[in-house]
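Novice: here is the input, now give the coordinates:
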Amino acid sequence: MLIELLLAAISYGSPVNYEISLAGNFGEPRPNHFHGGVDVKTGGVEGKPIFSIGDGYISNVTIGIGGYGNALYIHHPEGYTSVYCHLKKFTPQIQAMVRKFQYANKCDKGNFKFKFTDLPVSRGQLVAVSGNTGSSQAPHLHLEIHDTRTWNMMDPLDFIGNHISDGYAPLGHGFMAYPVFGEGKFCGGSGKQTFGFSSHNLTRKFFAWGKVGFGIWANDYMEITYNRYGMRHTQLLVDGKEVFNSNVNDIPTTDNMMVNSWGDYEHYLRYNVWYMKSFIKPGNLLPILHAVNDGIVDFNQEREYHITYILTDFKGNQSKYTFTIQGKKSVFPKISPVKPEKILRYDRMNNFQLPGLMLIVPPYYVEDNVALQPSIKLQPGKLSDAYKFAAAPYPLFNYAKISIRLKKKVKDNSKLYIISNLGPRHYLDGFYQAGWVTGKVREMGATYEIGYDDTPPTVNAVSLGKQITIGINDAESGISGYQGYIDGHFVLFEEVPKSPWVRCNLSDTPIKPTGKLHQLKFIATDFRNNKRIFTAQIKY
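Specialist: Prediction:
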């Protein structure tokens, strides 16, 4: 309540100069993370002007970091930082400061930090134009707001919501019942079951006995577009008393992976639909969730229980869904015991070992005690055997430590690393020590083994002239960085969005045109420090 009162006193401007339409809102559940901001539509094109939403100063600019592409960070005196992502380019003053840092440090990508006196900005000041850089799937502005001190993710609509029209209430599509195995039943079944909301007040009579949790599939909407959004506020009432509520705001970035526990991750992978649970697993520490008795409803009387879901969006638009459940005595199935050595416990340090493997999982990295299904694929002649811990995808809340024993000698131990196989092969870094390769893993359903990369990246000239375009690729550990030089002087290469190319426009560099031949040197480096040097002569 205090946070909401403080936010009510803060009003920021719009980041665009037209009516805001959202492609995505804050906190939408996605595999392994919450959507950390809002996606402002730019009409499907690049080049729309982007403005600072408040007074402050540009604290840093990132180029090619994560999926943000070109991003701008503005610290505001109220204690918040706004982040503008997937930008095409910055204003000339900002671009000049970034270029100065890039040339001084001879780096194309990175996080470039500024003092509060370097680049002050005012509310409504032009700072960039929109683009499609980074992991963006289409041109748009991804806007985030963080608490500067904690870096918790805040809902931008609490700050710029007065610039958005929304008179539509959220819609519930269906609910899911989750009987507690061995302790509950719903409509005669012990497994989870889904039921659609054909109306706001279901007349069908359900029946249950024992302990049952519930989940809901719901979306928010706005009249300006047909997009569907995640829910801001959800309440579950039983006989008029609240047993669960969620308020999606002020989320620690360290808790991002816990979205897989709040949402039904297994159901999403199968049907591409998120049912958000109205109960809390013991290992789920998300501070945005609140419940009585963890949200589990105990149907222990033969009477009617009146269930109500209340869905509220950031503007206060609200909808309610009700249904009745009859308590009806039932017999629960017996629980088969699981061998203790196969249990990954949520509340303690786990040290799991197999021949040639060690896995260390700290407490509160899983939502509940998990029965592992470990398997070993023997690989004679390879660097290691291959290991798997779960039959289906099961991501941890954070990175665990894995060590795999090396089975044969290699020429250079620094080229060893951990490979993850869940679909495509993924490089996971790692280091060698005393016969073992150690790295970090997060997915129990993947297969892990040792990889080796002593092959430099490939480098190909696409065009050589006033505009130099080079294609780079690495089939093993991946590209970690690159540098270009003309006559021994560093020149800036930038990524060409949605391509394996990097490009240098010589007219934007300190190199002066002479009409004569110049020597180009381009160095591409992969994550195992293998380097490929490409040289050519260009006329400029």
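
Novice: just checking, which helix or strand of this protein averages the lowest pLDDT?
Specialist: helix 2-8 (a mean of 52; mean pLDDT, DSSP states H and E).

Novice: what sits against the nearest residue to Ile343 once chain neighbours are set aside?
Specialist: Nearest residue to Ile343, sequence neighbours excluded (C-beta to C-beta, 6 or more residues apart in numbering): Asn369, at 5.4 Å. Every C-beta, even on glycine, is put in place using the N, C-alpha and C of the backbone. Asn369 sits next to 343-346 when contact means C-beta atoms under 8 Å, 6 or more residues apart in numbering.

Novice: which of the residues you listed tops the neighbour count?
Specialist: Using other C-beta atoms under 10 Å as the neighbour test, the contacts of Asn369 are led by Leu344, with 22 neighbours.

Novice: that one reaches Phe352, doesn't it?
Specialist: Yes - between Leu344 and Phe352 there is a contact under C-beta atoms under 8 Å: 7.1 Å.

Novice: intersection of neighbour lists for the two?
Specialist: Joint contacts of Leu344 and Phe352 (C-beta under 8 Å, 6+ apart) are 361, 372.

Novice: so how many other residues sit close to Ala371?
Specialist: A count of nearby residues for Ala371, using other C-beta under 10 Å, gives 10.

Novice: from Ser82, how far off is it?
Specialist: Note on Ala371: its distance to Ser82, by C-beta to C-beta, to the nearest Å, is 44 Å.

Novice: what's the longest helix seen in the chain packed up against?
Specialist: If you go by DSSP state H, the chain has its longest helix at helix 92-105. With contacts taken as 3 or more C-beta pairs under 8 Å, 6 or more residues apart in numbering; DSSP states H and E, helix 92-105 sits against strand 56-63, strand 110-113.

Novice: flag every buried residue along that helix.
Specialist: Buried residues in helix 92-105, counted by 16 or more other C-beta atoms under 10 Å: 94, 97-99, 101-102.

Novice: mind putting these into CSV with distance to Glu242 and pLDDT?
Specialist: Converted to CSV, the buried residues of helix 92-105 look like this (distance: C-beta to C-beta, whole Å; pLDDT from 0 to 100):
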residue, distance to Glu242, pLDDT
Ile94, 48, 96
Met97, 51, 94
Val98, 50, 95
Arg99, 55, 94
Phe101, 52, 92
Gln102, 53, 93
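
Novice: low-confidence ranges in the protein?
Specialist: 1-9, 338-341 (pLDDT under 70).

Novice: list the buried residues in the longest strand seen in it.
Specialist: As assigned by DSSP state E, the longest strand anywhere in the chain is strand 201-219. If you call a residue buried by 16+ other C-beta under 10 Å, then strand 201-219 has these buried ones: 202, 206-219.

Novice: parallel or antiparallel, list what pairs with it.
Specialist: strand 171-186 (antiparallel), strand 276-277 (antiparallel), strand 297-299 (antiparallel), strand 318-327 (parallel) (DSSP bridges).

Novice: ok now the longest one, how far from the chain's centre?
Specialist: Think strand 171-186. Strand 171-186 sits 28 Å away from the centroid of its parent chain (C-alpha atoms, centre = their mean, to the nearest Å).

Novice: and the contacts of stretch 76-83?
Specialist: 10, 12, 15, 37, 52-56, 59, 68, 71-75, 143-149, 154, 156, 159.

Novice: now, these that are in helices?
Specialist: Phe159.

Novice: out of the contacts of stretch 76-83, which are buried?
Specialist: Using 16+ other C-beta under 10 Å as the threshold, 12, 15, 37, 52-56, 59, 68, 71-75, 143-146, 148, 154, 156, 159 are the buried ones among the contacts of stretch 76-83.

Novice: Leu119 is nearest to which of the helices and strands packed on helix 92-105?
Specialist: Ranking the helices and strands packed on helix 92-105 by their distance to Leu119 (criterion: C-beta to C-beta) puts strand 56-63 first, at 3.9 Å.

Novice: which elements pack onto that closest one?
Specialist: Against strand 56-63 (3+ C-beta pairs under 8 Å, 6+ apart) you get strand 70-76, strand 80-90, helix 92-105, strand 110-113, strand 120-121.

Novice: that strand: how far from the chain's middle?
Specialist: For strand 56-63, the distance to the chain centre is 21 Å (C-alpha atoms, centre = their mean).

Novice: again with stretch 217-229
Specialist: On C-alpha atoms, centre = their mean, the centre of stretch 217-229 falls 21 Å from the chain's centre.

Novice: give me the residues contacting that stretch.
Specialist: 19, 21-25, 28, 41, 164-168, 170-176, 194, 230-232, 234, 273-276, 309, 311, 313.

Novice: buried subset of the residues you listed?
Specialist: Looks like the contacts of stretch 217-229 have 21-25, 28, 41, 164, 166, 170-172, 174-176, 194, 230-232, 234, 274-276, 309, 311, 313 buried, using 16+ other C-beta under 10 Å.

Novice: let's see which of these end up in strands.
Specialist: Going by DSSP E, the strands hold 22-24, 41, 171-172, 174-176, 194, 234, 276, 309, 311 from the buried ones among the contacts of stretch 217-229.

Novice: out of the residues you listed, who's nearest Glu266?
Specialist: Out of these, the member with the shortest distance to Glu266 (by C-beta to C-beta) is Met176, at 11.5 Å.

Novice: any idea what that closest one is bridged to?
Specialist: Met176 has the following beta-bridge partners by DSSP bridges: Thr194, Gly215.

Novice: for it, give me its contacts.
Specialist: Per C-beta under 8 Å, 6+ apart, neighbours of Met176: 192-195, 214-217, 264, 267, 275.
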